[in-house]
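Engineer: I'll drop the sequence and a predicted model, then ask my questions.
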2 protein chains.
Amino acid sequence: MDKVNLTQKFSLINDHWSPKIVGELNESYVKVVKLKGEFVWHHHEKEDEMFFVIKGKLIIRFKDRDIKIEEGEFLIIPKGVEHLPVAEEEVCVMLIEPKSTLNTGNIKDERTVENLDRI
Amino acid sequence: MDKVNLTQKFSLINDHWSPKIVGELNESYVKVVKLKGEFVWHHHEKEDEMFFVIKGKLIIRFKDRDIKIEEGEFLIIPKGVEHLPVAEEEVCVMLIEPKSTLNTGNIKDERTVENLDRI
C-alpha cells in the first residue's frame, strides 16, 4: 500500500488519450490521462464515469450542451449518456470508472486502448 | 448532471469528521469531509476506501507505520486494514467508497454518521 502523487504520475505520461492505471478500489480503477484535441462521440453502456480535472480545462460536449470542467472540479457522466471530451489545450485528468470501462465506450477505433499500462 | 466544484463544497462544511455526499457513480459515493484531530481506530470489512487530500495534510496511521498524504496525493486503504486518520491541522479530503461504507467502519461511537447529508 503506497500513496500516489498525481503530479509525479502525470510527469510519466507523454501521450494523449491513453489512460494509465494508478490505483484500484473495489471494482474500479483510478486512472490518469492527458487529453488534447477532440476525442470521439461515445457512451458507456453499463458504466458511470468520473472526470476530475487536475490541471487545465476540459470541455465535455453533450448533444444538448457543453460543460466546461476546470481545476478542482469533477463531472460524473451517467451510463448511456453520449459525450465527447474536447481539450483546447492539454489537460490532466483523473478518471474513476469500473474495471470493465473501455475509453472509447461503444466505439472501436484507433484510439481504443484495450490493455492499459500501470504507472 | 452538474459539475462539482470542490472548493465551493468545502466552503459549506463547518464541522469535522462528518462526510457529505457530493456525487455518486456506479455503487459508490463521492464524499467530502473536513478532518481535524485524531479519529478512531477502525477497519472496513468489505470496502476499499480512497482518501484524496485536496487541502492540508493527513496522516493515516497503521499498526506498523504512518503514511502522510499531502495535497494532490491519494491513498487507497484495502478492506480489512486497521487504520487511524490523524489531522494535526484541518484537512479537506475527498473520499470515494461504496455506498455501504460507514465512516467508523466496524466501530460505533458518537462520531458514527449513519445518514449522510448531500451538499
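Structural biologist: Arrived safely, thanks for sending. These figures come from a predicted structure and were not determined experimentally.

Engineer: with adjacent residues omitted, what lies nearest to residue A:63?
Structural biologist: Closest residue to residue A:63 apart from its sequence neighbours, by Cβ to Cβ, 6 or more residues apart in numbering or on different chains: residue A:82 at 5.8 Å. All C-beta atoms are positioned from the backbone trio N, CA, C, and that covers glycine.

Engineer: which residues touch the one you found?
Structural biologist: A:41-43, A:62-63 (Cβ atoms under 8 Å, 6 or more residues apart in numbering or on different chains).

Engineer: can you give me the pLDDT of it?
Structural biologist: Model confidence at residue A:82, expressed as pLDDT, equals 98.

Engineer: dihedrals phi and psi, the residue positioned nearest the centre of chain A?
Structural biologist: In chain A, the residue lying closest to the centroid (Cα atoms, centre = their mean) is residue A:95, at 4.6 Å. In terms of degrees, to the nearest 10, the main-chain angles of residue A:95 are phi -110, psi 140.

Engineer: ok, it - contacts?
Structural biologist: Contacts of residue A:95 (Cβ under 8 Å, 6+ apart): A:19, A:29-33, A:49-52.

Engineer: again, 7 Å this time
Structural biologist: Listed by Cβ atoms under 7 Å, 6 or more residues apart in numbering or on different chains, the contact partners of residue A:95 are A:19, A:31, A:33, A:49-51.

Engineer: quick check: the gap between the residue nearest to residue A:63 and residue A:41.
Structural biologist: 6 Å (Cβ to Cβ, to the nearest Å).

Engineer: could you do residue A:15 as well?
Structural biologist: With Cβ to Cβ as the criterion, residue A:15 and residue A:41 are 21 Å apart.
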